[in-house]
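Trainee: Provided below are the primary sequence and the corresponding predicted coordinates.
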Amino acid sequence: MNVHFIAIGGAAMHNLAIALHNKGYRVTGSDDTIHDPSKSRLDAKRLLPKTFGWYPEKISNKLDAIVLGMHAKEDNPELLKAQELGLKIYSYPEFLYEQSKHKTRVVIGGSHGKTTITSMILHVMHYHDRDVDYMVGAQLEGFDVMVKLTDDNDFIVLEGDEYLSSPIDRRPKFHLYKPNIALLSGIAWDHINVFPTYEFYVEQFTIFVDSIVKGGSITYNIEDEEVKRVVEASENSIRKLPYQTPEYTVENGQTMLETPEGPMPIEVFGEHNLNNLAGAKWICQNMGIDEDDFYEAIATFKGASKRLEKIAESNTSVAYKDFAHSPSKVAATTKAVKEQYTNRTLIACLELHTYSSLNAEFLKEYKGALDAADTAVVFYSPHAVQIKKLEEVTHEQIANAFERDDLIIYTNPDDFKEFLFSQDFENKALLLMSSGNYGGLDFEDVKNLIG
């Protein structure tokens, strides 16, 4: 099968391209720019385009399918040529469904926790040598790729993102997977550039629950009131399986999970991660893993990449970085680190980097998000606001949004670095939360601060 990728360099797209190449498909692609790690990974498989740019001459009737990435525009020359020739054009999630329509599809949805839960499930399966197909949004320890597709495996585990499918298909990705087994971890308004109202955002999760195949199941976080309402209001003829945060304790910086066999030390920590673990356990049991085997495997799970990742530690200090940027994630992550290190001063730094977080109207959603920190710092770049063509965000708006009188705010990367590198980290915990890099912060230098 000949498949061409328009915008092959995207994080999701290049992983799918590699998965199809590994499956024996003939894969080609184009993009106007490709950065690492996508560039190196594609090059290693000889899938990297020889030159960057869009080339309509690459599009012909010899192609069996086109996969269209979100990075491409509606007037993309290759897309226009494919439409002119009447070729089959798939979005990323559409193609994943096409590859898995004869499998049992396990889809993990939710505003937060879906990457971690998907990673936990795959870790358990890998630990017990259960081979499954999958798509996950992070690089996992023990896994070479982020997408795996085979002809033989019965299960496919999919991280169910609610963002749009493609430039010409405005449906959320997770509406297209038609799960047999689904999980819903939480609902907290996000992606306001696509879902301008809270009600419209929540509606997408209602559609997701209703898309589960008849006789399927939804495992859902009963502690999230919106999730509970959406799932329990659904008239879809599916099994509804609630889960909640299990009992646990923290002793000298070590989280102990209560199990039928007694307390068990685990690598991950924080109430939100224990809640994620409970959801993952139910899904694994639905996939044929018994409870004892789940506990044995999950004890060795260290976390998904960029999710509460420990970057440095000494006898008296520790530093974590986390991908958290939405209000609910920031609050959960900050609380988790403080709970784990109650006797240390927590310095929590948040970069406002996404479209939603830099929107003046959305900022009020961050109320209380940094309350668990002893020292709370917010960094944002006015230049990033300009690039996203948003109204200017002021110091006063940020201070009012977080409702914290002692909030420290920086807009200059050098000033933020000067603050960070002037700190005495004796008996401290440092938490750096961002989907960016604070205007060029070198995390290797941060490691040296702690070490």
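Mentor: Structure's in. What do you need? Not measured: the values here are computed from a predicted model.
Trainee: show me what contacts His112?
Mentor: Counting by C-beta atoms under 8 Å, 6 or more residues apart in numbering, His112 touches 185-186, 188, 272, 326, 328-329, 332. The C-beta positions use only the backbone N, C-alpha and C, and glycine is treated the same way.
Trainee: Let's see that with 10 Å instead.
Mentor: 185-188, 190, 224, 272, 275-276, 324, 326-329, 332-333 (C-beta atoms under 10 Å, 6 or more residues apart in numbering).
Trainee: check which helix or strand covers it.
Mentor: Assigned by DSSP states H and E, His112 falls within no helix or strand.
Trainee: re the thing from before, any idea which of the contacts of His112 is least confident?
Mentor: When those are compared on pLDDT, Ala324 comes out lowest, with 78.
Trainee: I'd assumed Arg307 was in contact with that one.
Mentor: Yes. The criterion here is C-beta atoms under 10 Å, and Ala324 meets it with Arg307 at 8.3 Å.
Trainee: Which neighbours do the two have in common?
Mentor: Thr333.
Trainee: who's more crowded, those two?
Mentor: Between Ala324 and Arg307, Ala324 has the larger neighbour count (other C-beta atoms under 10 Å), namely 27 against 21.
Trainee: what secondary structure does the more buried one sit in?
Mentor: Classification of Ala324 using DSSP: H, G, I helix; E, B strand; the rest coil returns coil.
Trainee: try Asp43
Mentor: Once three-state DSSP is applied, Asp43 turns out helix.
Trainee: neighbours of it, just the number please.
Mentor: Asp43: 12 neighbours (other C-beta under 10 Å).
Trainee: Can you pull the phi/psi pair for Lys214?
Mentor: Dihedral pair for Lys214: phi -60, psi 130, per degrees, to the nearest 10.
Trainee: Glu235 is in contact with that one, correct?
Mentor: No. Judged on C-beta under 10 Å, Lys214 makes no contact with Glu235 at a distance of 11.5 Å.
Trainee: Does Asp442 touch Pro413 like I think?
Mentor: No. Asp442 lies out of contact with Pro413 (C-beta under 10 Å); the separation is 11.2 Å.
Trainee: between these two, who's got more neighbours?
Mentor: Comparing Asp442 with Pro413 by other C-beta under 10 Å, the one with more neighbours is Pro413, at 16 against 11.
Trainee: Who's the closest spatial neighbour of that one, skipping the chain neighbours?
Mentor: Nearest non-adjacent residue to Pro413, counting by C-beta to C-beta, 6 or more residues apart in numbering: Gly439, 2.9 Å away.
Trainee: Tell me which helix or strand that neighbour sits in.
Mentor: Gly439 belongs to no helix or strand, assigned by DSSP H and E.
Trainee: just Thr206 next, same as before
Mentor: helix 198-210.
Trainee: Please name every helix or strand in contact with the next helix or strand after that helix.
Mentor: As assigned by DSSP H and E, the chain's next helix or strand after helix 198-210 is strand 217-221. Applying 3 or more C-beta pairs under 10 Å, 6 or more residues apart in numbering; DSSP states H and E, one finds that strand 217-221 makes contact with strand 104-109, strand 181-184, helix 198-210, helix 225-233, strand 239-243, helix 271-286.
Trainee: where's the residue lying closest to Gly29 once chain neighbours are set aside, which helix or strand?
Mentor: By the measure of C-beta to C-beta, 6+ apart, the closest residue to Gly29 outside its immediate chain neighbours is Ile8, 2.8 Å from it. Under DSSP H and E, no helix or strand contains Ile8.
Trainee: So Ile8 is in contact with Pro49, correct?
Mentor: Yes. Contact status for Ile8 versus Pro49: in contact at 7.0 Å, counting by C-beta under 10 Å.
Trainee: overlap in contacts of those two?
Mentor: 28-31, 34, 42.
Trainee: any idea how far Phe421 is from Glu337?
Mentor: Quick fix: residue 337 reads Val, not Glu. Noted for Val337: a distance of 20 Å to Phe421, by C-beta to C-beta, to the nearest Å.
Trainee: Of the contacts of His112 - the most surrounded one?
Mentor: Asn276 (32 neighbours).
Trainee: give me every residue that touches the spatially closest residue to Asn61 that is not a sequence neighbour.
Mentor: Spatial nearest neighbour of Asn61, chain neighbours left out: Leu85 (6.0 Å); criterion: C-beta to C-beta, 6+ apart. Leu85 is in contact with 56, 59-61, 63, 66, counting by C-beta under 10 Å, 6+ apart.
Trainee: per-residue pLDDT, Leu85?
Mentor: 97.
Trainee: now Arg130
Mentor: Arg130 is given a pLDDT of 96.
Trainee: Look up phi and psi at it.
Mentor: phi -100, psi 110.
Trainee: out of the shared contacts of Ile8 and Pro49, which one sits closest to Val107?
Mentor: Nearest to Val107 among the shared contacts of Ile8 and Pro49: Gly29, at 26.0 Å, using C-beta to C-beta.
Trainee: and that closest one, backbone torsions?
Mentor: According to degrees, to the nearest 10, Gly29 has phi -170, psi 170.
Trainee: same question, Met135
Mentor: phi -140, psi 120.
Trainee: same check, this time on Glu444
Mentor: phi -70, psi -40.
Trainee: Return the per-residue confidence for it.
Mentor: 86.
Trainee: ok, now how distant is it from Ser381?
Mentor: Glu444 is 21 Å from Ser381, by C-beta to C-beta.
Trainee: Point out where this protein drops to low pLDDT.
Mentor: Applying pLDDT under 70 to the chain picks out residues 355, 384-385, 387-390, 451.
Trainee: what about the longest strand in it?
Mentor: Ranked by residue count, the top strand of the chain under DSSP state E comes out as strand 345-352.
Trainee: in its sheet, what does that strand sit against?
Mentor: Sheet pairing of strand 345-352 (DSSP bridges) gives strand 375-380 (parallel), strand 428-433 (parallel).
Trainee: now for the ones you listed, which one comes closest to Ser165?
Mentor: strand 428-433 (28.0 Å).
Trainee: Please save the CA atoms from the closest one in PDB.
Mentor: Provided in PDB are the C-alpha atoms of strand 428-433 (Å, rounded to 0.1, in the frame of the first residue of the first chain):
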ATOM      1  CA  LYS A 428      13.900  22.900  48.500                       C
ATOM      2  CA  ALA A 429      11.800  21.200  45.800                       C
ATOM      3  CA  LEU A 430      11.700  22.900  42.400                       C
ATOM      4  CA  LEU A 431       8.900  22.400  40.000                       C
ATOM      5  CA  LEU A 432       9.100  23.700  36.400                       C
ATOM      6  CA  MET A 433       5.700  23.500  34.500                       C
END
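Trainee: Contacts only, for the spatially most central residue of the chain.
Mentor: The centroid of the chain falls nearest to Thr115 when counting by C-alpha atoms, centre = their mean (4.6 Å). Thr115 makes contact with 108, 136-138, 140, 159, 161, 276, 304-307, 323 under the criterion C-beta under 10 Å, 6+ apart.
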